[in-house]
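Engineer: using only what follows, build the 3D model:
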Amino acid sequence: MNQKQKRIENIRKVVALETPDYVPIEHVVTPELAIEYAGYPMFEGLWDTSLIIDAMGKAIPAYDGDFIRSTFYRSPRYYSALEAKSFVQSKEGYVQHPEVHAMEDTEYAELIADPAAFLAGTCLPRLYQVFDKPEPYRGMALARGMMTFNRTFGPFNAAVGQILADNGLPLITSASAEAPFDFLADLLRSFTGISKDVRRHKSEVKEACEALLPLMIQKACVAPPAVDQMVFMPLHMPPYLSEKVFGELWWPTFKKMVEALVERGHYLYIFFEGDWTRYYDYLEELPAGRILGRFEYADPRIIKERLGKIMSVTGFFPVTTIAQGTKEACIDKTKELMDILAPGGGYAFGFDKITTSVRDINLENITAVNAYVREYGKY
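Structural biologist: Here you go, the predicted model:
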């Protein structure tokens with residue numbers, strides 16, 4: 001096997017809760033971080049495909065890692081072509097998701113009756129203004145959007161794929177999907193809207209999640225199941241919900257979704273954003289040996305004890321420590337996490353948050369930390 005194949009097999013062992021050859025390190029580079037690393041302005045870097053390709057070519061070899069979660073970025077060129085309201089570029093250059101909603105609380109019945117038709121016919125025109133036009137202008141807008149997408153991501157994906165291949169670095173996710181409740185909250189009703197709906201329209205929210213479930217599963221299954229083609233699932237809403245609402249409205253369809261994907265052979269990279277301490281009893285119900293769980297705020301000892309036989313884990317290491325701490329403090333934190341999480345396998349070294357800026361990463365600190373993991377992470 002070549003280096004990339006060996007890394008894929010090692011991460012497979014980690015996720016399957018087998019004893020791996022070593023503790024793998026998640027690569028920290030994202031397109032946004034790469035743009036800053038290369039010295040380009042964020043605003044221009046995200047618009048110009050040639051700049052972001054050049055930036056990735058410079059940044060990826062500069063950092064150590066055994067796998068990279070994603071190279072995806074939100075292109076302002078693409079969203080501008082669609083006249084998007086849901087994703088807009090800030091003055092600093094980053095593409096942000098403002099508080100918008102595409103569905104009113106009086107429209108649950110329409111969503112439940114035919115989710116695909118309602119999303120395409122009602123929600124898309126509200127989020128992307130080019131679709132809120134009569135034909136033939138709507139069809140022309142769709143064609144222009146697809147051309148912009150292909151001209152942006154076609155060259156980017158090909159070039160970055162070659163950069164990863166040259167560095168023996170596997171990209172381990174092939175799709176991104178949301179829990180049905182999170183999709184309803186993030187893209188349709190907004191945080192404010194769903195917070196009201198769980199009290200005023202409880203039964204409709206529950207039915208809507210069930211109606212959206214098949215679409216969410218379909219969206220996740222864009223590639224054949226493989227450990228280097230995981231489904232990435234960032235989970236947003238649970239830390240903001242009461243345990244009662246979580247158990248009644250959020251959890252049932254998420255659990256069904258995970259079970260359906262695992263039954264089809266998929267591996268999942270799940271980012272448990274925020275604090276999930278209240279929900280460990282639920283997480284113990286998930287299928288074993290198919291999930292890499294990234295934790296942001298959690299006690300690693302409790303995670304190892306409660307979930308160590310259910311899922312492999314990453315995260316925990318505070319980005320603030322690697323960015324601002326001393327080298328000694330970073331090594332101490334690395335040793336602490338390795339001592340707790342590495343025994344028996346099921347652990348990949350990574351940070352608690354996704355790094356989108358060079359300010360998140362002190363190169364001297366991360367070099368020292370990675371060297372420690374390399375030396376003491378062998379089985």
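
Engineer: can you show me the strands along the stretch 51-200 of the chain?
Structural biologist: 88-89, 95-96, 173-176 (DSSP state E, counting those that start in this stretch).

Engineer: actually the stretch 251-379 of the chain, sorry about that
Structural biologist: Under DSSP E, counting those that start in this stretch, the stretch 251-379 of the chain gives strands at 268-275, 291-297, 312-317, 350-351.

Engineer: okay, the strands of the stretch 51-200 of the chain in a markdown table with mean pLDDT next?
Structural biologist: A markdown table is the format used below for the strands of the stretch 51-200 of the chain (pLDDT from 0 to 100):
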| stretch | mean pLDDT |
| --- | --- |
| strand 88-89 | 92 |
| strand 95-96 | 92 |
| strand 173-176 | 94 |
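
Engineer: and the nearest residue to residue 68 once chain neighbours are set aside, backbone torsions?
Structural biologist: Using Cβ to Cβ, 6 or more residues apart in numbering and skipping residues adjacent in sequence, the residue nearest residue 68 is residue 27, 4.1 Å away. Yep, even glycine has a C-beta here, placed from its N, CA and C like the rest. Residue 27 adopts backbone torsions of phi -70, psi 140, taken as degrees, to the nearest 10.

Engineer: identify, by residue count, the longest helix of this protein.
Structural biologist: helix 137-166 (DSSP state H).

Engineer: thinking again about what came up before, shouldn't the residue nearest to residue 68 be in contact with residue 61?
Structural biologist: No. Contact criterion Cβ atoms under 8 Å: residue 27 and residue 61 do not qualify, at 10.5 Å.

Engineer: OK, contacts around residue 348?
Structural biologist: 11, 14, 23, 24, 25, 26, 66, 67, 292, 312, 313, 314 (Cβ atoms under 8 Å, 6 or more residues apart in numbering).

Engineer: nearest spatial neighbour of it, chain-adjacent residues omitted?
Structural biologist: residue 314 (4.2 Å).

Engineer: so what's that neighbour bridging to?
Structural biologist: residue 294 (DSSP bridges).

Engineer: show me what contacts residue 142?
Structural biologist: Neighbour list for residue 142: 130, 131 [criterion: Cβ under 8 Å, 6+ apart].

Engineer: ok, residue 349 next?
Structural biologist: So, once contact is read as Cβ under 8 Å, 6+ apart, residue 349 ends up touching 23, 24, 25, 26, 314, 317, 334, 337, 338, 370, 373, 377.
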